[in-house]
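Participant: Next come a sequence and a model predicted from it.
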Amino acid sequence: MLLDLKGHTDSVLAISFSHNGTQLASGSWDHTIRIWNTSSEETIGEPWEAHSDDVNSVAYSPDDKVIATAGFDGLVRIWDVATRAKIVEITDHPAAVWCVGFSPDGSQLASACDDGNVRIYDARTGALVLGPLEGHTERARAIAYCLDGTRIASCSEDCTIRIWDSVTGTMVVGPLEGHAGKVACIEYSPDGQTLLSGSHDTTMRLWDSFTGKLIAVIGTGPFGGHTNYVTAVAYFPDGKHAVSASYDKSIRKWDVHTGSTILGPLEQHSSLICCVAYSPDGSTICTGSEDQTICLWDAATGDLLLDPLRGHKQQVSSVAFSPDGRRILSGSWDHTMKLWNSASGELSGRMLLDLEGHTNVVIAISFSHNGTQLASGSRDRTIRIWNTSSGETIEEPWEAHSGGVTSVAYSPDDKVIATAGLNGVVRIWDVATRAKIIEITDRPAAVGCVRFSPGGSQLASACNDHNVRIYDARTGALVLGPLEGHTKWVRSIAYCPDGTRIASCSDDCTIRIWDGVTGTMVVGPLEGHADWVACVEYSPDGKTLLSGSHDATMRLWDSFTGNLIAGPLRQHSSSIHCVAYSPDGSTICTGSHDRTVCLWDAATGDLLLDPLRGHKQRVSSVAFSPDGRRILSGSWDHTMKLWNSASGELVDFSVRRYT
């Protein structure tokens, strides 16, 4: 490793070399931008806060004098590299911006937005030149200029690609249809004649960039292909070959015109491949993985050139070669970047219980009502049941879903648990035997949340198709729904204590309250949050509804009238992912993207303790123990932590027994 670039306090999402190779810029979930000297370990000047939320993209202008940044806060900004002065601020995006890129001559800046649209700005003034270029019906993920700058391609989660005239804004080619899943990445060939796309349908497609004609489907038929999402594509400098990376842990090199595999699958990583890059001369392929390693491959033979490069403590999210090909920059969820010698691989340069076992992100947790057990669900597809006195798993974990587990809930009598998955299936399991009792398969999309009614007779679910459904918990039969009203993904649901009403929250920034018997919306929509509402929870007396949002705030609502009682309450520096009331209703707990847990006085909204720190990634779930004395948190760092709710301390579990 040439350099170990440390300084960011959260995951590094975006990196970019300057075109002259002397600098690199990094953007992070910690909201900051840092400029680094590629010859030393030093930052050039001080880092600065570029956005009020995650920095999603960073790009140098062709002359390296300015950089553009895009944020989850919906802003695009252009900065003077030498002075750090903000030259341009673009505020007209209505949602998160995922990608920015300069035109080859530096006169334009294009953006891809969560609202599905592409916009083109004057890079000197920030004035909107073209757009919004409308056509995509889901999030626009990436953009790419052709080499002469006359056209720009965009890809989207609506499974299509569109090519736009960068002078008139007219869609000149497309929509290019054929992918059966989200299109995650696009790249123009070096001569600009073809466009390569990679998709969640596991394939790549080669298109004529002028006519939109499909030239080849890569990864199907007799040649075989990836068995999971394609996450990145890159052209070989000769334009005849391409490399792809996939969630199936492999990379492949292809003849883009015949679709035949030239090399691969090249398998070395033990987990998902998140990023891929070619060296400038095309001789070397670099891959970064969720397994925390970087691999270098001979592009001609497919041989591994060096042992995997190890040093990151979380997944490697981005890799890039320096312009001279002698160095590789890697960015990671461990909040660091590392600069490696591409030839040698060298570098120069508070808790009651910590429950480890899952091999991927812990998304869902639930205490049993008697407090003796807790259940956890993970993106590793498994459910684990834990003894809260010993910290040991009770028997072996089991695979609950073919996709990640998104939600887990104990029934009121603790005899069964319900689980929901990214595969759109809801299942109910016998806790004692692990037997699958009920399987509900009528959901058309991923299910994000399941909850039992207080009496245990019903099971409600929230789905990516924007709807809520209520089932008979004994038979799995649909009782009510789909309850329609939300216009985007329903993230979370909560029953009021007497079971007569159910609240739902959504990516459409609203909350709705439904009659649990008739399915009629009785209160709402409750509006006020400026971004996705990620979680809702009733107070124990049922009078108040608590919401947490990606706008980093929580709000308290009168559950009968819908009036705002308190808020927005702000302490977290990033999105709130989960909320919980203590059993007596006196305390509110929140977990955030900023990796902290906060405890609040439910009556006054005051912060009771300094934020609880210990997780290394975002906090995705929180829950109080039945006696209110402990808080369980689950995180994307694959662990759970048990905290003392009065002191916020992490205490040796062998000393303090759960009672």
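Facilitator: Done, it's in.
Participant: drop to CA atoms for contacts and neighbour counts, all remaining ones
Facilitator: Fine.
Participant: Excluding chain neighbours, what is closest to residue 185?
Facilitator: Nearest residue to residue 185, sequence neighbours excluded (Cα to Cα, 6 or more residues apart in numbering): residue 198, at 5.3 Å.
Participant: swap that for residue 425, sorry
Facilitator: Leaving aside its sequence neighbours, residue 425 sits nearest to residue 441 (Cα to Cα, 6+ apart; 5.1 Å).
Participant: Next, the contact list for that neighbour, please.
Facilitator: Listed by Cα atoms under 8 Å, 6 or more residues apart in numbering, the contact set of residue 441 reads 424-426.
Participant: so how far is residue 240 from it?
Facilitator: Noted for residue 441: a distance of 44 Å to residue 240, by Cα to Cα, to the nearest Å.
Participant: Next: residue 503.
Facilitator: Separation of residue 503 from residue 240 (Cα to Cα): 54 Å.
Participant: Now the residue nearest to residue 425: phi and psi?
Facilitator: Torsion angles at residue 441 (phi, psi; degrees, to the nearest 10) stand at phi -120, psi 10.
Participant: Can you give me the pLDDT of it?
Facilitator: Predicted confidence (pLDDT) for residue 441: 85.
Participant: more neighbours, residue 503 and residue 240?
Facilitator: residue 503 (26 against 14; other Cα atoms under 10 Å).
Participant: Next SSE downstream of the helix or strand hosting the more buried one?
Facilitator: Assessed by DSSP states H and E, residue 503 sits inside strand 501-506. Downstream of strand 501-506, the next assigned helix or strand under DSSP H and E is strand 510-515.
Participant: partners of that following strand, with directions?
Facilitator: Strand 510-515 pairs in its sheet with strand 501-506 (antiparallel), strand 521-527 (antiparallel), by DSSP bridges.
Participant: Which one of the ones you listed lies nearest to residue 591?
Facilitator: strand 501-506 (16.7 Å; Cα to Cα).
Participant: ok, residues contacting the closest one?
Facilitator: Contacts to strand 501-506, defined as Cα under 8 Å, 6+ apart, come from residues 462, 466, 468, 486, 488-496, 511-517, 532-536.
Participant: And the buried ones among those residues, selectable in ChimeraX?
Facilitator: Only the buried entries of the contacts of strand 501-506 go into this ChimeraX selection, using 16 or more other Cα atoms under 10 Å:
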select :462,466,468,486,488,489,490,491,492,493,494,495,496,511,512,513,514,516,532,533,534,535,536
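Participant: Inside helices: which ones of the contacts of strand 501-506?
Facilitator: Taking DSSP state H, every one of the contacts of strand 501-506 sits outside helices.
Participant: which of the residues in stretch 546-564 are buried?
Facilitator: Those buried within stretch 546-564 under the rule 16+ other Cα under 10 Å are 546-559, 562, 564.
Participant: what about the strands in the stretch 51-200 of the chain?
Facilitator: 55-60, 66-71, 76-80, 86-90, 97-102, 108-113, 118-122, 128-133, 140-145, 151-156, 161-165, 171-176, 183-188, 194-199 (DSSP state E, counting those that start in this stretch).
Participant: what about residue 87, neighbour count?
Facilitator: A total of 16 residues lie near residue 87 under the criterion other Cα under 10 Å.
Participant: Please report the distance of it from residue 483.
Facilitator: Applying Cα to Cα, the value for residue 87 to residue 483 is 47 Å.
Participant: and what of residue 156?
Facilitator: Computed as Cα to Cα, the residue 156 to residue 483 distance reads 28 Å.
Participant: show me where pLDDT drops low in the stretch 101-250 of the chain?
Facilitator: 219-225, 231-232, 234, 236-238, 243-250 (pLDDT under 70).
Participant: If you could redo that for the stretch 351-500 of the chain, that was the one I meant.
Facilitator: Across the stretch 351-500 of the chain, residues meeting the criterion (pLDDT under 70) sit at 351-357, 360-363, 365, 367, 371, 388-391, 443-444.
Participant: Show me where it has its strands.
Facilitator: For the stretch 351-500 of the chain, the strands defined by DSSP E, counting those that start in this stretch occupy 353-356, 362-367, 373-378, 382-387, 398-399, 405-410, 416-421, 426-430, 436-440, 447-452, 458-463, 468-472, 478-483, 490-495.
Participant: now those strands as JSON lines including distance to residue 606?
Facilitator: Conversion of the strands of the stretch 351-500 of the chain to JSON lines gives the following (distance: least, Cα to Cα, whole Å):
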{"stretch": "strand 353-356", "distance to residue 606": "27"}
{"stretch": "strand 362-367", "distance to residue 606": "26"}
{"stretch": "strand 373-378", "distance to residue 606": "29"}
{"stretch": "strand 382-387", "distance to residue 606": "33"}
{"stretch": "strand 398-399", "distance to residue 606": "41"}
{"stretch": "strand 405-410", "distance to residue 606": "30"}
{"stretch": "strand 416-421", "distance to residue 606": "34"}
{"stretch": "strand 426-430", "distance to residue 606": "38"}
{"stretch": "strand 436-440", "distance to residue 606": "42"}
{"stretch": "strand 447-452", "distance to residue 606": "29"}
{"stretch": "strand 458-463", "distance to residue 606": "31"}
{"stretch": "strand 468-472", "distance to residue 606": "33"}
{"stretch": "strand 478-483", "distance to residue 606": "36"}
{"stretch": "strand 490-495", "distance to residue 606": "24"}
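Participant: Residue 108 is nearest to which of the ones you listed?
Facilitator: Here strand 490-495 is closest among these (Cα to Cα), at 36.8 Å.
Participant: the inter-axis angle of the closest one versus strand 458-463?
Facilitator: Interaxial angle, strand 490-495 versus strand 458-463 (axes from the mean of the first three to the mean of the last three Cα atoms, to 10 degrees): 160 degrees.
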